[in-house]
Each structure stands twice: as C-alpha cells, then as structure tokens.
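Engineer: Requesting a structural model of the entry that follows:
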Amino acid sequence: MSGELKNVGILALEIYFPTTCLQQEALEVHDGASKGKYTIGLGQDCMGFCTEVEDVISMSLTAVTSLLEKYAIDPKQIGRLEVGSETVIDKSKSIKTFLMQIFEKCGNTDIEGVDSTNACYGGTAALFNCVNWVESSSWDGRYGLVVCTDSAVYAEGAARPTGGAAAIAMLVGPDAPIVFESKIRASHMAHVYDFYKPILDSEYPVVDGKLSQTCYLMALDSCYKSLCNKYEKLEGKQFSIDDAAYFVFHSPYNKLVQKSTARLMFNDFIRNASSIDESTKEKLAPFSSLTGDESYQSRDLEKASGQVAKPFYDGKVKPSTLVPKQVGNMYTASLYAAFASLLHNKRSSLAGKRVVLFSYGSGLTATMFSLRLNAGQHPFSLSNIATVMNVEEKLKSRHEFTPEKFIETMKI
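Structural biologist: Predicted structure coming up:
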C-alpha cells in the first residue's frame with residue numbers, strides 16, 4: 001500500500017486559542033516598563049491565556065472535535081494519534097489518553113501513538129511520526145492525527161509577557177494539499193540548559209533568556225547550512241532564501257523571528273549565495289571575518305543585517321506572524337499557529353509554492369523542513385482550510401482582561 005502513496009502531508013488544520021487575552025501595551029503600563037518594551041522590544045501585540053476553566057486537555061478536545069466535525073471525519077478513520085506538548089498534566093498519563101474519550105464513544109480504541117516531549121519541539125516530532133507512519137509499510141490506510149497543545153505561563157518578571165496558549169490539530173494522509181519534501185530536511189540536536197523545568201511542583205520554567213536566544217540562532221544556522229548542503233546534493237544547484245516563497249519560524253516572541261530572518265540573510269552572504277545583491281554585500285562586508293561566537297554577540301551585525309533583511313521579512317515572513325503576535329508563545333503550537341497565519345493571509349496564492357519551516361525546542365532540538373503546497377480538492381483544499389480555521393473571527397471574538405485581572409487569574 002505504501003508504494004502507491006503520493007503527496008503525503010497535512011490534509012486539514014484546526015486551531016483553538018483561549019477567548020481571554022491581554023493587551024501588551026496595558027501590561028507595559030501596569031509593570032512600569034518603558035513604552036514599547038513588550039510591543040517593540042519583544043514585537044508582541046497581545047497575549048492569550050487560560051483561565052481556571054481551561055487547560056491543555058480542554059483546548060485539545062476542542063481542536064480535535066472541531067476538526068473531525070468540520071471535515072466530516074468519522075473517528076473510526078483515525079489510526080494514529082500523536083500529541084506534542086511540554087505542559088505536564090500528569091508525569092505518567094499522556095494527553096493522548098485523555099483525547100481517547102472522543103474515539104472510545106465510537107468504538108475505536110485501535111489507535112497508535114502517544115505524546116512527544118521536548119520543550120517547543122514535541123509537536124514537530126509528533127507530526128514527523130505521523131507522516132512517517134503513513135509513508136511506511138505499517139500504515140493501515142487510516143488517517144494520522146497530530147495535536148500540538150500548550151499553555152505557556154511564567155512567574156512575574158521579564159519573561160511573563162512571553163506567555164501564550166493554544167491547541168492545533170492536523171490531519172495527516174496521502175493526496176494532501178500540504179506535502180512534505182522529506183529529502184529537504186535538516187536537524188540540529190545538542191545538550192544545553194537554556195530553558196528547562198526542574199521544579200516538578202511548579203509550572204514555571206527556569207530560563208536563561210540570553211543563552212536561549214543564542215542557542216536558537218546557532219541551531220538555525222546549523223539547520224540552514226545542512227539543509228542547503230542536502231538540497232545542493234539533491235538538486236545539483238545552490239539553495240538560498242530565494243528558493244522558497246515563505247519562511248515560517250517557531251515564535252517565542254516576534255523580535256526573535258525578525259532576528260532569525262536577518263540571520264538567514266547573513267548566512268546567504270557568507271555562502272556568497274545568489275540571493276545577495278551588491279548593496280547587501282557592501283553593508284555586510286565589515287562582518288565577514290567574524291567568528292560564529294562573535295557574530296551572535298555583535299550588535300552592529302544585528303542592526304546591519306536587520307536593515308538589509310527587512311524586505312525579506314516583510315515579503316516572506318511577516319504573513320506568518322499574525323497569530324503568534326496576537327496570542328503569544330504557544331510552545332509546541334507556535335510554529336503551526338504561524339503556518340496557520342500564512343494560510344489565512346495568503347490562501348489564494350500559495351498553490352505551487354515552497355514553504356520552509358524552522359522548529360526549535362530548548363534543551364535543545366531543532367529541525368528545518370520544506371513543504372510544497374498544492375491547491376488541493378475540497379474539503380482538503382488550502383482555501384477550505386483557511387475558511388474552516390476562521391482565524392480573523394476567532395481573534396475578533398476574544399475578551400480583553402485588565403492586567404490586574406490577568407494577574408489574579410494566574411494566582412488561581
């Protein structure tokens with residue numbers, strides 16, 4: 001059966017985020033922060049969060065139920081269910097088992113898969129597991145279902161504005177409009193303590209913000225270089241940022257996405273790629289002799305590369321930033337909420353395009369991978385996916401909390 005499969009990938013998506021949110025401008029004022037610290041410094045507009053009546057289980061149940069209903073999928077048609085999350089509800093019992101409530105009602109208990117955990121990367125691991133299952137000789141002809149769900153909360157202080165919450169459900173199978181280019185993929189894995197949760201009775205992480213940012217950019221560099229090498233061996237020609245229509249990044253906060261965009265352009269400059277024009281070469285030339293470590297610390301390089309990369313960011317990255325800027329860091333769901341934003345904003349012009357995604361989880365695990373998009377056929381079409389997600393209406397229907405009410409909610 002697996003030998004006949006074509007275009008394995010994502011057939012459908014659904015996104016859910018809490019209806020409660022907080023404006024970052026209001027939080028700046030409440031915290032006594034300088035104007036623009038959260039909105040410009042972090043690049044965030046708003047932050048979603050769970051109240052006492054919601055958690056990762058309820059968000060996941062909502063996302064999965066909604067996807068199955070809106071696409072008229074019989075729960076018996078699901079053969080594998082994988083969950084990515086770092087929000088610990090139980091140290092033994094997986095989130096996947098909670099979701100089995102949906103399928104048990106229909107008499108379907110024959111569903112493989114459990115949870116994948118490593119910071120914000122678990123959703124990508126879950127997605128790869130489902131895609132690999134459909135492509136393998138173990139596939140039984142049914143759909144795979146992937147759920148990315150997290151509630152990101154921080155103790156009072158500098159990290160609190162980088163919270164968020166959401167759940168994403170993705171249906172995986174053949175003949176998909178969102179197809180994996182499985183040979184164009186590169187990973188970077190290492191041992192580091194940049195963000196971790198050693199205090200088992202607390203949901204708050206221990207974070208080294210500066211180290212985590214550097215680790216993210218180092219992993220980005222490593223993945224991009226490796227992906228370029230693999231592409232060049234495969235296609236016999238150089239890869240550059242010109243070879244993808246859009247780039248989608250895991251988004252702890254938007255400023256890091258902007259820095260990542262600049263970093264890719266700097267990588268192309270170092271590689272003398274065709275995407276770099278003479279003007280950009282001239283502006284980045286003073287930094288050509290920097291070592292890797294020096295380049296991560298150089299404020300001058302950050303500023304110069306950010307300026308030359310702005311058209312690249314505006315054209316190929318910004319369309320994917322809507323939900324992450326409005327909801328915040330959704331951990332495992334962040335990358336796929338960014339991808340959902342791209343589908344929402346560019347639904348009518350994505351057919352035939354390549355989109356490159358970068359997934360990062362602290363600790364650390366990272367993968368850059370390529371998707372090829374097709375128009376698809378109803379109900380599994382790009383236009384219908386965007387319509388079903390209804391991102392704009394979901395954002396508009398939220399209720400704003402005051403900072404005081406938000407802080408009280410966090411104490412519950």
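
Engineer: quick one, what contacts the residue nearest to residue 252 when sequence neighbours are not counted?
Structural biologist: Distance criterion C-beta to C-beta, 6 or more residues apart in numbering; nearest residue to residue 252, sequence neighbours excluded, is residue 329 at 4.8 Å. The C-beta positions use only the backbone N, C-alpha and C, and glycine is treated the same way. Residues in contact with residue 329, defined by C-beta atoms under 8 Å, 6 or more residues apart in numbering, are 120, 152, 162, 163, 164, 251, 252, 253.

Engineer: correct me, but the fourth one touches residue 46?
Structural biologist: It stands for residue 163. No: using C-beta atoms under 8 Å, residue 163 makes no contact with residue 46, being 11.1 Å away.

Engineer: more neighbours, these two?
Structural biologist: Remark: of residue 163 and residue 46, residue 163 carries more neighbours, 23 against 20, as counted by other C-beta atoms under 10 Å.

Engineer: Can you tell me the closest non-neighbouring residue to the more buried one?
Structural biologist: residue 152 (4.8 Å).

Engineer: For that neighbour, list each beta-bridge partner.
Structural biologist: Here residue 152 shows beta-bridge partners residue 164, assigned using DSSP bridges.

Engineer: Next, count neighbours for it.
Structural biologist: Other residues within reach of residue 152, judged by other C-beta under 10 Å, total 28.

Engineer: my guess is it meets residue 328, correct?
Structural biologist: Yes: counting by C-beta under 8 Å, residue 152 does reach residue 328; the two are 6.8 Å apart.

Engineer: any residues in contact with both of those two?
Structural biologist: By C-beta under 8 Å, 6+ apart, residue 152 and residue 328 have these common neighbours: 162, 163, 164, 165.

Engineer: and the two most separated of these?
Structural biologist: Using C-beta to C-beta, the pair of those lying farthest apart is 162 and 165, separated by 12.1 Å.

Engineer: These two: who's more crowded?
Structural biologist: Counted by other C-beta under 10 Å, residue 162 and residue 165 do not tie: residue 165 has more neighbours, with 29 against 20.

Engineer: who touches that one in this structure?
Structural biologist: Counted by C-beta under 8 Å, 6+ apart, residue 165 has contacts 17-18, 48-50, 54, 56, 59, 150-152, 327-328, 330.

Engineer: ok, the strand ranked longest in the chain: who's next to it in the sheet?
Structural biologist: When secondary structure is assigned using DSSP state E, the longest strand within the chain turns out to be strand 178-189. Applying DSSP bridges, strand 178-189 is found paired with strand 9-16 (antiparallel), strand 365-373 (antiparallel).

Engineer: Tell me the helix or strand right after the last one.
Structural biologist: Pointing back at strand 365-373 there. Per DSSP states H and E, the first helix or strand lying C-terminal to strand 365-373 is strand 376-377.

Engineer: one step back: in JSON lines: the strands paired with strand 178-189, plus distance to residue 242 and mean neighbour count.
Structural biologist: Output for the strands paired with strand 178-189, formatted as JSON lines (distance: least, C-beta to C-beta, whole Å; neighbours: other C-beta atoms under 10 Å):
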{"stretch": "strand 9-16", "distance to residue 242": "23", "mean neighbour count": "26"}
{"stretch": "strand 365-373", "distance to residue 242": "14", "mean neighbour count": "22"}
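
Engineer: Redo those strands as a markdown table? Include mean pLDDT and distance to residue 28.
Structural biologist: Putting these into a markdown table (pLDDT from 0 to 100; distance: least, C-beta to C-beta, whole Å) gives the following:
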| stretch | mean pLDDT | distance to residue 28 |
| --- | --- | --- |
| strand 9-16 | 98 | 27 |
| strand 365-373 | 98 | 31 |
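
Engineer: Any idea which of the ones you listed gets closest to residue 23?
Structural biologist: Closest among these, using C-beta to C-beta: strand 9-16, at 20.8 Å.

Engineer: For that closest one, list the C-alpha coordinates in CSV.
Structural biologist: What follows is strand 9-16, C-alpha atoms only, in CSV (Å, rounded to 0.1, in the frame of the first residue of the first chain):
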residue,chain,number,x,y,z
GLY,A,9,1.3,15.6,4.2
ILE,A,10,-1.3,17.7,6.0
LEU,A,11,-4.9,17.4,4.8
ALA,A,12,-6.6,19.7,7.3
LEU,A,13,-5.8,22.0,10.2
GLU,A,14,-7.8,23.4,13.1
ILE,A,15,-6.7,26.0,15.6
TYR,A,16,-8.1,26.9,19.0
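
Engineer: after that strand, next one along is what?
Structural biologist: strand 20-23.

Engineer: ok, residues contacting whatever helix or strand comes next after that following strand?
Structural biologist: As assigned by DSSP H and E, the chain's next helix or strand after strand 20-23 is helix 24-31. The contact list for helix 24-31 (C-beta under 8 Å, 6+ apart) reads 33-39, 42, 44-47, 160-161, 402-404, 406.

Engineer: Show me how far helix 24-31 is from its chain's centre.
Structural biologist: Per C-alpha atoms, centre = their mean, to the nearest Å, the displacement of helix 24-31 from the mean C-alpha position of its chain is 26 Å.
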